[in-house]
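In: Quick one: sequence plus predicted model below, questions after.
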Number of protein chains: 2
Amino acid sequence: MSASRDSSGYSQLLQAISNALPDLRNSERKVAETVLADPSFALEANVAGLARASNVSEPTVIRFCSALGFDGFSSFKLRLAQAVALGLPISQSAIGIDDTIDELTAKIFDHSINALDQARKAMDTAAVGAAVQAILASREILFVGFGASGIIAQDAQQKFALFGRPCAAPIDLHQQYIAASTSSPDTVVVAISNTGTTAAVIDVARRARERGATVIGVTGTSAPLLAECDISLIVRTDEDTDLHTPTVSRLAGLVLIDVLATSVAMALGVDHLHNLSTMKEALAQFRSNESETKTDPDIDRPAASVGRIQEEQ
Amino acid sequence: MSASRDSSGYSQLLQAISNALPDLRNSERKVAETVLADPSFALEANVAGLARASNVSEPTVIRFCSALGFDGFSSFKLRLAQAVALGLPISQSAIGIDDTIDELTAKIFDHSINALDQARKAMDTAAVGAAVQAILASREILFVGFGASGIIAQDAQQKFALFGRPCAAPIDLHQQYIAASTSSPDTVVVAISNTGTTAAVIDVARRARERGATVIGVTGTSAPLLAECDISLIVRTDEDTDLHTPTVSRLAGLVLIDVLATSVAMALGVDHLHNLSTMKEALAQFRSNESETKTDPDIDRPAASVGRIQEEQ
DNA sequence: CATTCCATGTAGTGGAATTACAGGAGCGTG
DNA sequence: CACGCTCCTGTAATTCCACTACATGGAATG
């Protein structure tokens, strides 16, 4: 298996090395193990150093790189650098009971970054474009979902409400179904379910479609829900392998919402901007002007204090 | 100014080059501009190639690297590779009206990844540890916040509810205040506000503290809210520079919640695990078993279909 | 037991990064 | 306005490092 399939996220390199272990020659495997044991050491090292650390000769290091599908040591190192920048995915560095807070923090951030890296590589931008068009053509938007996907729905509702068209994300199952039942061909329904198998969401999608609404499905994988949808947005992330793996699909889903919202904002253009900033300025009144506000929140970040518009909408 | 301050996120490299522009010599600046114009070209190139592309001599390229604080060309290229892996932050590649969906998607994902990269570098793990201890010692947890921060509160509530202790995240302002007013020394209140200036959140924090509760403040910068808190968690991300910049602080906040939840789960240990998996299995009943479920959602991902526990809680 | 093939190390080579040095442009000063 | 100094910037030489050709040793197989 070649490790240089660039479509599969920079972070997959270490995983690819692990997978390739059985196919490698004995001494090449020593190199692989040295790299896996301490990727950042391998980054600093040159061929000679990595050879010494692995107790093999220099050509073996080169052969190791070739075996993985790289042109040479340098190109291997570049890819390794990218993998290290993103951090190790959970699959590569499992979370353990005895991890310190530092380790745990690093691992979870790394894993989250990796998930977004994967999602961005796998995103179907044509479908995103279709979704944007559908939203632009709509008169009202309904977001539905439960659990973690419900959080995404709430977030989406907050963002799209700024565009000034009716926009709902009921939490209650019945309300979701009612909203779907009163939808029209002018409605866009965004049905969110990471599994794509949540029965209630499928029901809502089907109901809305019967009413002529355009249904956009957001799932983590190709799933039954998408059969009930006009547009399929698949947000592919690592599987959540065990109970304690943080739920990264949710993050990728939120970024997708950002993409949609930003695209719509761009399409709406400049005149819409004015309304938006007026509204955001109005929100500023909810901020504190108390006496203990002596410590300017931005005192340590001079660049930010000019014309900054906060996001706490 | 040295660009090799490793504490400041891999992605800061291009920003650092931009900042260094005025301090560079004329011909070095040409190199800098070539790199900024097309970072991925610079990645593939060697000294000669980069020199030719910049219309300067090879030593000038080396001097450029030295001027930025690197040992040489190779170490510069490694850092550049890492910056490219993370993608360009918005500050480096602004979103424009004429961006295609592809470009927009790439930019927003890149920007989000960058934000998490920054946040992970800036995270105060000692404070995280203190927060985990406080939560473990508590009998009930209250999450408060509005807008985007309210989304984080909802998400946190979903996660911490799994630990089997009373756990609330009222949306309603009055309910938040009431909950704070009925809190006790056994309560942990997590007050979330990206600006750290939201008056209502500050009020709630103060009220809870008067009642003896332990208050954990989550903000995006050092802010007035933290004065009312026992433990300060600052989730530092890029400022959201303009209206159409996606709100990344929210993502980093969610990852912080993941860190807290995972840490608590680890501390609770194995016996807690059993309850958790029982509960998750019970949730499976909400999934569809319909006839059109012919297309197995996991059909294209064999590894995932074994004993997978879904996250749609 | 012999032979062949494959893995791995040794030694050498080519190329790339780096350094030493010299020419030249710009600027300040007499 | 001219002279000289300083600081760039390119040329040429050097050193280091990745990579290749080849040889040796061991394992597997007949």
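Out: Okay, I see it.

In: now residue A:216, what's its secondary structure?
Out: Going by DSSP: H, G, I helix; E, B strand; the rest coil, the secondary structure assigned to residue A:216 is strand.

In: Which of the helices or strands spans the nearest residue to residue A:252 once chain neighbours are set aside?
Out: With sequence-adjacent residues excluded and distances taken as C-beta to C-beta, 6 or more residues apart in numbering or on different chains, residue A:252 is closest to residue A:119, at 3.9 Å. For glycine as for every other residue, the C-beta is placed from the backbone atoms N, C-alpha and C. For residue A:119, the host element (DSSP states H and E) is helix A:101-122.

In: tell me the angle that helix makes with helix B:101-122.
Out: Orientation check (axes from the mean of the first three to the mean of the last three C-alpha atoms, to 10 degrees): helix A:101-122 against helix B:101-122 gives 180 degrees.

In: just to revisit the earlier point, list the contacts for the residue nearest to residue A:252?
Out: Residues in contact with residue A:119 (C-beta atoms under 8 Å, 6 or more residues apart in numbering or on different chains) are A:235-237, A:252, A:255-256, B:109.

In: Run through who's touching stretch A:98-115.
Out: A:9, A:11, A:86-90, A:93, A:95, A:237-238, A:245-246, A:248-249, A:251-252, B:86, B:113, B:116-117, B:119-120, B:123, B:125-126, B:128-129, B:132, B:251, B:255, B:258-259, B:262-263, B:266.

In: Also near DNA strand C: which of those residues, exactly?
Out: With C-beta under 7 Å from any atom of the strand as the criterion, the contacts of stretch A:98-115 include none near DNA strand C.

In: And these, which of them are buried?
Out: Among those, the ones that count as buried by 16 or more other C-beta atoms under 10 Å in any protein chain shown are A:9, A:11, A:86-90, A:93, A:95, A:237-238, A:245-246, A:248-249, A:251-252, B:86, B:113, B:116-117, B:119-120, B:123, B:128-129, B:132, B:251, B:255, B:258-259, B:262-263, B:266.

In: The residues you listed in helices, which ones?
Out: Residues from these lying in helices, with DSSP state H as the criterion: A:86, A:249, A:251-252, B:86, B:113, B:116-117, B:119-120, B:128-129, B:132, B:251, B:255, B:258-259, B:262-263, B:266.

In: Which of the three states applies to residue A:188?
Out: Counting by three-state DSSP, the backbone at residue A:188 sits in strand.

In: what number of residues lie near it?
Out: 26 (other C-beta atoms under 10 Å in any protein chain shown).

In: Which strand residues bridge it?
Out: For residue A:188, the beta-bridge partners under DSSP bridges are residue A:141, residue A:214.

In: can you pull the pLDDT of it?
Out: At residue A:188, the model reports a pLDDT of 98.

In: Likewise for residue A:22?
Out: Looking at residue A:22, the pLDDT reads 92.

In: Report the closest residue of the stretch 51-200 of chain A relative to DNA strand D.
Out: Residue nearest to DNA strand D within the stretch 51-200 of chain A (C-beta to the nearest atom of the strand): residue A:72, separated by 2.1 Å.

In: Tell me, how many residues neighbour the residue nearest to that residue when sequence neighbours are not counted?
Out: Sequence neighbours aside, residue A:65 is the residue nearest to residue A:72 in space, at 6.0 Å (criterion: C-beta to C-beta, 6+ apart). The number of residues packed near residue A:65 is 24, by other C-beta under 10 Å.

In: right, and residue A:65 touches residue A:80 too?
Out: No. Using C-beta atoms under 8 Å, residue A:65 is not in contact with residue A:80, being 10.0 Å away.

In: nearest spatial neighbour of the closest residue to DNA strand D within the stretch 151-300 of chain A, skipping sequence neighbours?
Out: Distances between the stretch 151-300 of chain A and DNA strand D by C-beta to the nearest atom of the strand are smallest at residue A:238, namely 31.0 Å. Once flanking residues are discounted, residue A:238 sits nearest to residue A:115: 5.7 Å by C-beta to C-beta, 6+ apart.
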